[in-house]
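S.K.: how would this look folded up:
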Amino acid sequence: TVAGIGYRPEEYAQFDVDYKRRGALQDELLETLLKAWTGEDFEYRGRTVRVTPRPFSDPHPLLLVGGSSKAAARRAARLGLPFFPSAHLPDIEAYYKERLVEYGTEGWTMMPAAVTPLLHLAEDPDRAWAEHGEHFLHEARTYASWQSSDIRSAVKSGATTVEELRAEGVYRIVTPEECLALGLDSYVLHPLSGGMSVDEGWRSMHLFCENVLPRLKAL
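M.R.: Presented below is the predicted three-dimensional model:
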């Protein structure tokens, strides 16, 4: 699980939460989770709380702190949690490692590669683009409308047409063979976009799991 604070004031306003308090709220949430997962008594907003049974995972379920700011990196290091930058940000990764030393904690980074395409698999990419390209374009344009100039994300599209989106390469519809030929360090699957057929999403997943994943394991 990756826990981030988000960047859209509208989402905080929808739940009547002060956007300026998002950092403090994130601190409280993560600290509470880590204490609750111990199975021991702890204080929460003036009450003594104990949550049982404690998780099977030791010391707790996998939890990463996500973000693209130094504040997010500091938070992860202070809590001894792994860090998930929202884009390929070596400077933030280096800052996180420095803070680990400062706080005397341990952690690691799961950072997107410099090129991180969203992959959808299809036996006939031309057909898939013709049938589903508008769904990917709607998602790309909506997401882009939320991102200000200071948002650093691995997924950032400037396309305004399906043709531009396809040429841009942020979203890629590929055959299993083309997927393998990409030679990526990590594969980010995007089998379903809003409005698409669920059956199409399952076809993409089956193509990857049956035709790509076994051959990646063999490398």
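
S.K.: could you pull out the strands for this protein?
M.R.: Remark: strands assigned in the chain by DSSP state E are 2-3, 42-44, 47-49, 64-67, 83-85, 118-121, 171-174, 188-189.

S.K.: which stretch among the ones you listed comes nearest residue 14?
M.R.: strand 2-3 (19.0 Å; C-beta to C-beta). (Each C-beta comes from the backbone N, C-alpha and C, glycine too.)

S.K.: the closest one - contacts with which helices or strands?
M.R.: Contacts defined by 3 or more C-beta pairs under 8 Å, 6 or more residues apart in numbering; DSSP states H and E place strand 2-3 against helix 22-36, strand 64-67.

S.K.: partner strands of it and their direction?
M.R.: On the basis of DSSP bridges, the sheet neighbours of strand 2-3 come out as strand 64-67 (parallel).

S.K.: how about the CA coordinates for the strand it pairs with, as PDB?
M.R.: The C-alpha trace of strand 64-67 is given here as PDB (Å, rounded to 0.1, in the frame of the first residue of the first chain):
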ATOM      1  CA  LEU A  64       5.100   2.900   1.600                       C
ATOM      2  CA  VAL A  65       5.000   6.700   1.800                       C
ATOM      3  CA  GLY A  66       4.300   8.300  -1.600                       C
ATOM      4  CA  GLY A  67       5.100  11.800  -2.700                       C
END
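
S.K.: can you list contacts of that strand?
M.R.: Residues from elsewhere that reach strand 64-67 (C-beta atoms under 8 Å, 6 or more residues apart in numbering): 1-5, 30, 72-73, 75-76, 79, 81-86, 110.
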